[in-house]
Every structure is written in C-alpha cells, then in structure tokens.
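J.: sequence-free structure coming up:
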C-alpha cells in the first residue's frame, strides 16, 4: 500500500520511485548505508566483514557478513532490483561456504574489515564484547547461519522458495526496501516481508529448540546438573545457571551484599537500578535504559528478572545473570568458602 502525507484536509499519496531512477548504487550507496545502520535490516546484529570472500573462487563475495547475539552468522545479500533475481540461491551457496567459519577466522576477517591485520586484537575484543563472552567458545560459535535477503522487491518465485526453505528449518528473511520521492528527498520504507512478523517468534522458538538439540548432540553445550544444599535443604539436579542463582540468593538472605559477591564475580553479571522495583515490568523499564561499556542496550533476556528473582537492598534493585560457564565454578566455591556460616555446599549430581 502507498504511503500518504497527512494534511489538514486530505491524504496525499507519496510517489514511489526506484533506486535506478534516483541513481542510487547497490554497493557504494545502499550497502554502505546499511553497513553503518545494520539494525535497520537485521536487529541485534554486528557487522563482521564486507565483501567477504575467503575461499578459492574470489569472484563470489558476501555483501555483508554479520553475527547475531546467539553467535550465529548472518549472510546479508543485497539487490537493488525490483524482483530480487536469484539472490536466494546465491545466498544459500554463500551460507554453505561460510558455515564452517571458526572464531579465529571471524577475528581475522573482522580485523581486515577494521583496517588490517594489526587490528585483530581490537577485532577479537569487539566480537567478545558484542557476544558478552569472557573468552572464545569455538563449540558455541557459528552453530547456524541465517540469511537476510534485502531488495527493492521480491518475485513470487523467490518468496515461494523462501517459504519452502523456512518450513524445512532454515532461517531466511526477506526485507523490502521501497524508496519514495518527496520534495527532492528520498524516503525509505523498510519492511520485513518474510517471515511475517506476527509468526516470527514461534518460528524462532522452533529453530532455537532444534539448535539446542544439535549443540547438545555435538557436545558443545554443558548439561551437567548439580545438587545444592543450603542449611540442610537440598535442591537436586540444578543446571549451572540456577545453581549460581540459588547460591547468590542464599548468601544475600544471610546478609552478604551483591557488592561483596561482585568482588569475586564481574560486575556486569549484575543489573542494578535505583529504587525498589516490586514488579518485573518496572525493573525492565528502568533496566532498558542501561547501556553496556560499548554503548549498546543490555540484553535483558540474559538475567533473572521475575518478581521472585529480583533482590532489593537499600534504594537499589538487583538482577543476576543467567549466563554462567564452567570457568566460574572455582570462583563459586571460593565465594562459599568465604561465608561458612551460610552452610552452603554443592556437588555434581550423579548420572541418571
């Protein structure tokens, strides 16, 4: 449907145009602008490389190679045409070619993107910061490859292919860029056509479940369970994330402050807002204004934020991270040993 200008007495349709008519080039205009504003077409993503082609056939290059918060790769294929051509086939080929990319290769590619081999240390730090990782995890890196197709329009043949591929477990999105001309300016309407936004959450849940199963089968995920004892009460077969939460909860109830816990664990493992937030909605609204050291919004899904999971001390409300790796277990034992009066212990649960 067209876009209208709303005036006092009427609705005036704004004329559509084409990128070709406006002399907007594919790579040097559209790609350059989208590279710097990647969230417009792929929210919560990070650009690793542009014109990536680290394989034998140097003629084939990925327009933009990105990373999402789950450490999956994203192949972005861009066309300024009115039908998308055969971009889905090209993107599938690229996705297959890049699917075995390792973390160290991603760092090298991002270093070149940032300015050269001497930028690799900066590139490594930037990727870890985006993923909120303390160290590289090769087994969790690039478990899947997503595809984002960006075009002025998409043919019926292309959208039919995408629908069929998505039904079989792939993650391909079609994002339409429709330019409008208004008083010498170009307005750009950006819309995700496939999958339909209202169905996307369900499809993501299905894909994430399948990805978790693949990761478990490959040995990349740690499904170890632990038995925790607090003052004689046993919490059986807890995963790491709940183990850490229950230990912190018990210590705080015994009078240990979050700040004392932060002397051992990174401060970023806690979210802190001013005021006593009784409802999760109130806490989330305040926490949504927080920023990471790199200036990005905090991923609130990585914290325990239900009403019975928040902690209130003084004029502050605290939430604890739900992201814990094996490397923090010795620190957890050290924290428990510092507070013997809390009567806390844990051990690996026996296999069932």
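T.: Thanks, I have the structure now. Small disclaimer: the values here were computed from a predicted structure and weren't measured.

J.: Need the phi and psi values for the spatially closest residue to residue 144 that is not a sequence neighbour.
T.: In space, and not counting its chain neighbours, residue 144 is closest to residue 72: 4.5 Å by C-beta to C-beta, 6 or more residues apart in numbering. C-betas here are computed from N, CA, C, even on glycine. In terms of degrees, to the nearest 10, the main-chain angles of residue 72 are phi -90, psi 150.

J.: what about the strands in the stretch 1-150 of the chain?
T.: In the stretch 1-150 of the chain, the segments counted as strands under DSSP state E, counting those that start in this stretch are 4-6, 11-13, 15-16, 45-52, 62-68, 73-78, 145-151.

J.: Now do the spatially most central residue of the chain against residue 45, distance only.
T.: In the chain, the residue lying closest to the centroid (C-alpha atoms, centre = their mean) is residue 69, at 2.0 Å. Noted for residue 69: a distance of 8 Å to residue 45, by C-beta to C-beta, to the nearest Å.

J.: related to what we said a few turns ago, the residue nearest to residue 144 against residue 143, yeah?
T.: Yes. In this structure, residue 72 is within contact of residue 143 by C-beta atoms under 8 Å, at 6.4 Å.

J.: check contacts around the nearest residue to the residue nearest to the centre of the chain once chain neighbours are set aside.
T.: Ranked by C-beta to C-beta, 6+ apart and with sequence neighbours excluded, the top spatial neighbour of residue 69 is residue 44, at 5.2 Å. Contacts for residue 44 were tallied using C-beta atoms under 8 Å, 6 or more residues apart in numbering; they are 68, 69, 299.

J.: and the second one, what does it touch?
T.: When contacts are counted by C-beta under 8 Å, 6+ apart, residue 69 is found next to 44, 45, 130, 131, 132, 299.

J.: Next, count neighbours for the fourth one.
T.: So the one you mean is residue 131. 20 (other C-beta atoms under 10 Å).

J.: any idea how far the nearest residue to it once chain neighbours are set aside is from residue 236?
T.: In this structure, residue 131 finds its nearest non-sequential neighbour in residue 71, 5.6 Å apart by C-beta to C-beta, 6+ apart. Between residue 71 and residue 236 the distance is 31 Å, computed by C-beta to C-beta.

J.: Which one's more surrounded, the two?
T.: Higher neighbour count among residue 71 and residue 236: residue 71, with 19 against 10, using other C-beta under 10 Å.

J.: quick one, what contacts the more buried one?
T.: Residue 71 makes contacts with 131, 137, 140, 141, 142, 143, as judged by C-beta under 8 Å, 6+ apart.

J.: Which single one of those residues is nearest to residue 82?
T.: Among the contacts of residue 71, residue 142 lies closest to residue 82 (C-beta to C-beta), at 33.2 Å.

J.: per-residue pLDDT, the closest one?
T.: Residue 142 carries a pLDDT value of 92.

J.: and if you look at the one 5 residues further on?
T.: Predicted confidence (pLDDT) at residue 147: the value is 96.

J.: I'd like to know how many residues surround it.
T.: Counted with other C-beta under 10 Å, the neighbours of residue 147 add up to 23.

J.: Dig out what it forms beta bridges with.
T.: residue 75, residue 172 (DSSP bridges).

J.: Find the nearest non-adjacent residue to residue 248, please.
T.: Using C-beta to C-beta, 6+ apart, the nearest residue to residue 248 is residue 320, at 5.5 Å.

J.: Pairing partners for the stretch of helix or strand the one you found belongs to, with directions?
T.: Using DSSP states H and E, residue 320 sits within strand 316-320. When sheet partners are counted by DSSP bridges, strand 316-320 sits next to strand 270-274 (antiparallel), strand 311-313 (antiparallel).

J.: Pull out the buried positions in that strand.
T.: 317, 318, 319, 320 (16 or more other C-beta atoms under 10 Å).
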